[in-house]
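Novice: 3D model of this:
(chains A and B)
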Amino acid sequence: MADLALEARGLRKDFGDTAAVRDLSLSVPRGEIFGFLGPNGAGKTTSMKMLLGLVRPTSGSGRLLGAALGAPAGRARVGYLPEHFAFHEWLEARELLRFHARLLGLSRRGLDTHVTELLVRVGLGEAGHRRVRDYSKGMKQRLGLAQALLGEPQLVFLDEPTSGLDPLGRRLVRDVIRELRAAGTTVFLNSHLLSEVEVTCDRVVFVKDGRVVREMALGVADRDLEVELRLERTSPEVLAALARFGRDLREDGAFVRLRVDGEEHLPEMTRWLAAQGIGLYHLAARRPSLEDLFLEVIGDVPVVG
Amino acid sequence: MSPSSGEPPPRVAARVPGVLRAALTIGHLTFTDARRKRLLAAALILGVAFVAVFAIGLHFIARDARARMAPTQQGFTLGFVVMAALYAANFLIVMTSVLVAVDTLAGEIGSGVAEALCTKPIPRAAVALGKWLGCWTLLLLYSLVLCGGVLLVARLVGRYTPPHAVLGVTLLLLEGTILLTLALAGGTRLSTVANGVSVFGLFGLAFIGGWLEQIGTLTGNATARYIGISASLLVPSEALWQLAAHHMQPPIMRDINLTPFSPASVPSPAMVAWAVGYLLLVLAAAVRLFERRDL
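Specialist: Next comes the predicted model:
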């Protein structure tokens, strides 16, 4: 598994008697756009902070771009946009980016051009000489994004990157993620905006009570499908046989519904029905939205924070 | 994001910044931030005002003294006034030492600024040491303006230079440095206000300890003296002022032993060694505490 950008094995974090993260294990291959989903209080931010070396795990281990978690060297090619981006607000935006670049070890050569390009990229081309304290919330968020892209990182962590952004800003974040994907950069995205995750991520995991409860690719072929059938006749035996193609089979009036984990099951099902001589009047397959899946996986959880 | 000019895009340097380079960058950042917040300007302008008020006062006192007093009495008077100014400067240095450092880690941990710094490829130690360096540079400038100003005015206006001036100012700077470092260490775990209250509380312990030591010595009460010395070991700030005051006053004042600036019990040079060791210990503790802090 040499080509993992990120790996976690059994990470756990206790704060006093409370376990914020119980058992986090995940692997993110290089170049993947990875979505990290879960309800409030599921331990997402603490998990992210453990991966970035901000929080010391109580137990477990992991690697960030090949280096052990917490080792400074692993963070050399990592960009991070915290959920609430805060910085020395009395500095001008350009100055702030230059200080960050120095801490990343970027050479001075070409740095001015790089900083200008990043500011233009996030729509702050004209505001580089203004003090950060005079920025609006959305501008600060954009500046935070520019900061996370300094030095062309190989892995970018984005914690709720669109919070505080207007539709134009959200579009910008989406475009930036697309560009990062094209450049082969790995993105670790934590967002509540499932519609956005759905269009940007290759794969997602759902986190609940401090552990990964479900992992799912968002590609077209290997995605869960909700299938609806109307059959000439049904019987408990037919239903039991159909249930083998998927799960969550249920009868709903004239319809039979079930969930299958890939579209290759559809022809298998129709062949089986034909072989049994059961007429098929209606077959519809629909990809459930990420929001449906989220509610299904996470279920009813009390709001913790 | 392709470069528009012929200049190649910057690449991450082959090696990440070492502790020293990273600490210097954080120090520069801390200093620049304080400058932008007008902390430096406020300290320096009011420091200069302090020196100016002293200069005007000294001018009139010195003119009177020269007209009416015998040379010995003149020396005593000028020595006393300069010691009073240095005592005020000492107090300001103590306050400023705590104020510049009280929020530098505590505030940035609270606001989340520390997160953006500590996810860079630099050790936490570099952040803590850089913060210390930036704050200490401010303290150094401030102390030089205050003490240098008082000494310069004493020389130009009063034609008087206290003995062992360089040693005395160094001891005052050491005192300020210790309090600054305590505030930095406290800021790794406490909120800004709790941190400030704690460090001033420690300063208060040392202060009352210093007085107990002096009064215990004058009245021959060994217990009071030991309590005082113990407090000085716990926080060696006041002892450093006592030692600085002892060295910077004219021998005649020291011998009369009746002014508030003449310690009856002079801290030993071992106290200076303890203070330096103490400073290094507190700095090491600040680094360690910050390294282990979840952000």
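Novice: need phi/psi at residue A:34.
Specialist: phi -110, psi 130 (degrees, to the nearest 10).
Novice: the closest residue to it other than its chain neighbours: neighbour count?
Specialist: Spatial nearest neighbour of residue A:34, excluding adjacent residues (CB to CB, 6 or more residues apart in numbering or on different chains): residue A:28 at 4.7 Å. The way it works is simple: take the backbone N, C-alpha and C, and place the C-beta from them, glycine included. When neighbours are counted by other CB atoms under 10 Å in any protein chain shown, residue A:28 registers 22.
Novice: how far away is residue A:28 from chain B?
Specialist: Computed as CB to the nearest CB, to the nearest Å, the residue A:28 to chain B distance reads 17 Å.
Novice: contacts only, for that residue.
Specialist: Neighbour list for residue A:28: A:4, A:5, A:6, A:7, A:34, A:186, A:188 [criterion: CB atoms under 8 Å, 6 or more residues apart in numbering or on different chains].
Novice: mind doing that once more with 6 Å?
Specialist: A:5, A:6, A:34 (CB atoms under 6 Å, 6 or more residues apart in numbering or on different chains).
Novice: what's the answer for residue A:104, then?
Specialist: Residue A:104 neighbours (CB under 6 Å, 6+ apart): A:150, A:151, B:120.
Novice: among these, show me the least confident.
Specialist: Minimum pLDDT for those is recorded at residue A:151 (91).
Novice: that one - that's part of a strand, no?
Specialist: No. If the criterion is DSSP: H, G, I helix; E, B strand; the rest coil, then residue A:151 is coil and not within a strand.
Novice: that one against residue A:106, yeah?
Specialist: Yes. The criterion here is CB atoms under 6 Å, and residue A:151 meets it with residue A:106 at 5.1 Å.
Novice: tell me what the longest helix seen in chain B is packed against?
Specialist: Using DSSP state H, we find that the single longest helix of chain B is helix B:71-102. In terms of contacts (3 or more CB pairs under 6 Å, 6 or more residues apart in numbering or on different chains; DSSP states H and E), helix B:71-102 is packed against helix B:39-68, helix B:124-143, helix B:149-156, helix B:165-187, helix B:192-219.
Novice: highest average neighbour count across the ones you listed?
Specialist: helix B:165-187 (a mean of 24; mean count of other CB atoms under 10 Å in any protein chain shown).
Novice: name the member of the contacts of residue A:104 with the most neighbours.
Specialist: Scoring the contacts of residue A:104 on neighbours with other CB under 10 Å, the highest-scoring entry is residue B:120 at 27 neighbours.
Novice: which parts of the stretch 151-300 of chain A sit against chain B?
Specialist: With CB under 6 Å from any CB of the partner chain as the criterion, the stretch 151-300 of chain A meets chain B at residues residue A:151.
Novice: in the stretch 151-300 of chain A, which residue sits nearest chain B?
Specialist: Across the stretch 151-300 of chain A, no residue is closer to chain B than residue A:151, which sits at 4.8 Å (CB to the nearest CB).
Novice: return the distance of the residue nearest to residue B:212 when sequence neighbours are not counted relative to residue B:207.
Specialist: On the basis of CB to CB, 6+ apart, the spatially nearest residue to residue B:212 that is not a chain neighbour turns out to be residue B:228, at 3.9 Å. For residue B:228, the distance to residue B:207 equals 10 Å [CB to CB, to the nearest Å].
Novice: and what of residue A:284?
Specialist: To residue B:207, residue A:284 is 82 Å away according to CB to CB.
Novice: now swap in residue B:262 and tell me
Specialist: 17 Å.
Novice: residues near residue B:264, how many?
Specialist: 15.
Novice: you'd agree it is up against residue B:216?
Specialist: No. Using CB under 6 Å, residue B:264 is not in contact with residue B:216, being 8.9 Å away.
Novice: what sits up against stretch B:288-295?
Specialist: Residues contacting stretch B:288-295 (CB under 6 Å, 6+ apart): A:54, A:55, B:114, B:115, B:118, B:124, B:128, B:188.
Novice: now do the contacts for the third one.
Specialist: With contacts defined as CB under 6 Å, 6+ apart, the neighbours of residue B:114 are B:108, B:295.
Novice: also the fifth one?
Specialist: The neighbours of residue B:118, taking CB under 6 Å, 6+ apart as the test, are A:54, B:295.
Novice: so the closest residue to residue B:218 other than its chain neighbours: helix, strand or coil?
Specialist: Leaving aside its sequence neighbours, residue B:218 sits nearest to residue B:264 (CB to CB, 6+ apart; 4.9 Å). Secondary structure, three-state DSSP: residue B:264 is coil.
Novice: check what pLDDT residue B:264 gets.
Specialist: Reported pLDDT for residue B:264: 76.
Novice: quickly note the distance from it to residue A:250.
Specialist: Remark: distance between residue B:264 and residue A:250 (CB to CB) = 93 Å.
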